[in-house]
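1. One predicted model, sequence on top.
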Amino acid sequence: MRRNDEMKLGLFLKQAGHHEGAWRDPGVPTSGGIDVDHYARMAKLAEGAAFHFIFLADTPSVEDRDHATIARVSRNDSFEPITLLSALSSKTQHIGLVATATTTYHQPYHLARMLASLDHLSRGRAAWNIVTSGFKFEAQNFGERELPDYVTRYTRAREFVEVAKGLWDTWEDDAFIRDKQSGIFADTNKLHLLNHRGDHLSVRGPLNLARPPQGYPVLVQAGASDAGIQFAAEVGEVIFTAAPSLEYGKSYYGILKQKARALGRKDDQLAVMPGIIPIVGRSQQEACEKLERLRSYTHIDVQIGVADRTLGFVTELGSLNLDSLVPEALPQTNFIQSRQKVLLDFAVRQKFTWRQLIRMVSDTRGHMMVVGTPDEIVNTMVDIFDQRGADGFNILPATFPGGLKDFVDLIIPELRRRGKFRSRYSGQTLRENLGLRRPTNRFTKASQ
C-alpha cells in the first residue's frame, strides 16, 4: 500500500464502548452486545464515513477472575466475531470486516474455512486478526490446565498461519469451471493437496471451498513484545498496537518497519494503525465533563480488576498501597506480555502511583486517549501520522453510538478539510481499499 497523505481508519467495534463505564451511560443500549441491529447501525455509520474496516476483538472465555468485577462489566455478553461479521456482510457493501481468532485454540482447517466463507459472503472484505491466546481462563475451556508457554504459542501461530495460507491456495483461482454441458464442475488438475506435517499441526487438505476472492483475507496482527513484533513483521499486513504516547508510537513504528525490511518486505506491505480513544467536545470543558461522567460510572472493583487482568495477574492490586509508586519491574506474565510492558514502561516514565495506573487502564487499557475539541484531536492524529508514528488509526470510541457519531460528525470533516482522509471507497475489496496486493497462489507460482 502506497503511503500518501491520507491516513487509514478502522473502527474497533464494541458493544457499549471502550470505557469501562460506557454501558451505564444513558445513551448506550444495555443489550447492544446481543443486538445485531445495534452493530449494523454502527457499521453503516462507519461505512458512510468511508472507514476502511470494522474490527472485532475476541476472547473465548470470561476474562476476569473476581465476581465483583464480572458483576459490573458488560463485555461478557456479546457475539462471536465471525458469526456477527457474517451477518453484517449482508448489511454493508464496502467496509472491511476484521475478525479476531486465536491460533492457540482453533484448528487451521476449521478457521481457514470460516474466514474463506466470510470473504466469499462479503465479496472480498474479510480480514483475520491473528492472536495467540493470552488470558488466564481460556485453557480450561479447551481441556488444558494452563496456557502453553509464550514461545510455544508463537511457534504454533507461525505454523498455523502458513497452514491456513496453504489451505486457501489448495484450489487455483479458476479451478471451479462449473460446466453443465460437459458435466465437469471442478478441474482437478488445479487441485493441490497440502499434506502438511509439522511440529504442532497435521493437515491434509484440500479446503472444500473455492479460493477466497482476496486470495487470502487481509492478515492483521497486534504483536508488541519482542516475539510479537517479530511475528507481526513476518506475517502482518495491518498492525494494530497500543501506543500511549507519540514517543512510544514512533519507536514501535520504526522497529517494526525495520524488522519487516530485514525480511525482504517493503514498507508499503504493512500499515501500522495504533488505537486511539477520542473524547470529543465542542469545548475542552465539555470533553472533560464527558470523561468524568464515564469515570463516575466505573466502580473501583472494576478498575482494580481490569488493571489486574491487563497486567497479567502478577500482583494483588487490592492489597497494595495504591498511593505508592509503580515499581520499575513486575514478575513476567505468561499471558499478554506486550500490554504489561507498554503499561509498566509508561507508568515508570510518568512516575505514576498505582492509583494513577489503575485509572489509566480503566480509561484506556494502554491506548492513547485524546480529550478535547475536534481541532485538538485532529492535531494529535495528524502529528502522529506526519511524524511516522502511524499509517492510520484504529478508532476506539468511548461510547456507542454517541462517541462514534461525535467522531463522524466532528472529526472526519476536519481530517478531510486538511487532506488527511478520503471521502469515498476506491476499490471493491478490502485489499484494494488498503492498497494491498492480492497474493499469488503458491502452487500456481511453483508451476510457472
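-> It's in. Residues are numbered from 1 along each chain as shown.
2. Where do the strands of the stretch 151-300 of the chain begin and end?
-> Here the stretch 151-300 of the chain has its strands, by DSSP state E, counting those that start in this stretch, at 176-179, 184-186, 196-197, 202-203, 218-221, 238-239, 271-272, 275-280.
3. Ile34 contacts Ser78, correct?
-> Yes - using Cβ atoms under 8 Å, Ile34 is in contact with Ser78, at 6.8 Å. Glycine gets a C-beta too; all of them are placed from N, C-alpha and C.
4. circling back: please convert the strands of the stretch 151-300 of the chain to TSV, extending it with distance to Gln230.
-> Listed next are the strands of the stretch 151-300 of the chain as TSV, based on distance: least, Cβ to Cβ, whole Å:
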stretch	distance to Gln230
strand 176-179	37
strand 184-186	39
strand 196-197	22
strand 202-203	24
strand 218-221	11
strand 238-239	12
strand 271-272	15
strand 275-280	21
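5. Adding mean neighbour count and mean pLDDT as columns, could you present these in JSON lines?
-> Listed next are the strands of the stretch 151-300 of the chain as JSON lines, based on neighbours: other Cβ atoms under 10 Å; pLDDT from 0 to 100:
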{"stretch": "strand 176-179", "mean neighbour count": "12", "mean pLDDT": "97"}
{"stretch": "strand 184-186", "mean neighbour count": "13", "mean pLDDT": "97"}
{"stretch": "strand 196-197", "mean neighbour count": "12", "mean pLDDT": "98"}
{"stretch": "strand 202-203", "mean neighbour count": "16", "mean pLDDT": "98"}
{"stretch": "strand 218-221", "mean neighbour count": "26", "mean pLDDT": "98"}
{"stretch": "strand 238-239", "mean neighbour count": "29", "mean pLDDT": "98"}
{"stretch": "strand 271-272", "mean neighbour count": "26", "mean pLDDT": "97"}
{"stretch": "strand 275-280", "mean neighbour count": "24", "mean pLDDT": "98"}
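6. Averaged pLDDT, the host helix or strand of Asn394. What do you get?
-> In the assignment (DSSP states H and E), Asn394 maps to strand 392-395. Averaging pLDDT along strand 392-395 gives 98.
7. Paired strands for it, with orientation please.
-> strand 8-12 (parallel), strand 275-280 (parallel) (DSSP bridges).
8. Tell me which of the strands of the stretch 151-300 of the chain sits nearest to Ser296.
-> Nearest of these to Ser296, taken as Cβ to Cβ: strand 275-280 at 14.2 Å.
9. Name the residues that touch the closest one?
-> 12, 18-19, 240-243, 287, 290-291, 363-364, 367-374, 377, 380-381, 393-398, 403, 406-407, 410-411 (Cβ atoms under 8 Å, 6 or more residues apart in numbering).
10. and with 7 Å instead?
-> Outside strand 275-280, the residues that touch it by Cβ atoms under 7 Å, 6 or more residues apart in numbering are 12, 18, 240, 242, 287, 290-291, 364, 367-371, 374, 377, 381, 393-396, 398, 406-407, 410-411.
11. rewinding a little: wait, which of the strands of the stretch 151-300 of the chain is closest to Ser122?
-> Nearest of the strands of the stretch 151-300 of the chain to Ser122, taken as Cβ to Cβ: strand 218-221 at 11.6 Å.
12. For the lengthiest helix in the chain, name the packing helices and strands.
-> As assigned by DSSP state H, the longest helix anywhere in the chain is helix 150-168. Packed against helix 150-168 by the contact rule (3 or more Cβ pairs under 7 Å, 6 or more residues apart in numbering; DSSP states H and E) you find helix 108-121, helix 226-235.
13. Just the CA atoms of the shortest one, as CSV, please.
-> This points to helix 226-235. What follows is helix 226-235, C-alpha atoms only, in CSV (Å, rounded to 0.1, in the frame of the first residue of the first chain):
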residue,chain,number,x,y,z
ASP,A,226,9.8,-8.8,21.2
ALA,A,227,8.4,-12.1,19.9
GLY,A,228,5.2,-10.4,18.9
ILE,A,229,6.9,-7.6,16.9
GLN,A,230,8.9,-10.2,15.0
PHE,A,231,5.8,-12.2,14.2
ALA,A,232,4.0,-9.0,13.1
ALA,A,233,6.9,-8.1,10.9
GLU,A,234,6.8,-11.6,9.3
VAL,A,235,3.0,-12.0,8.6
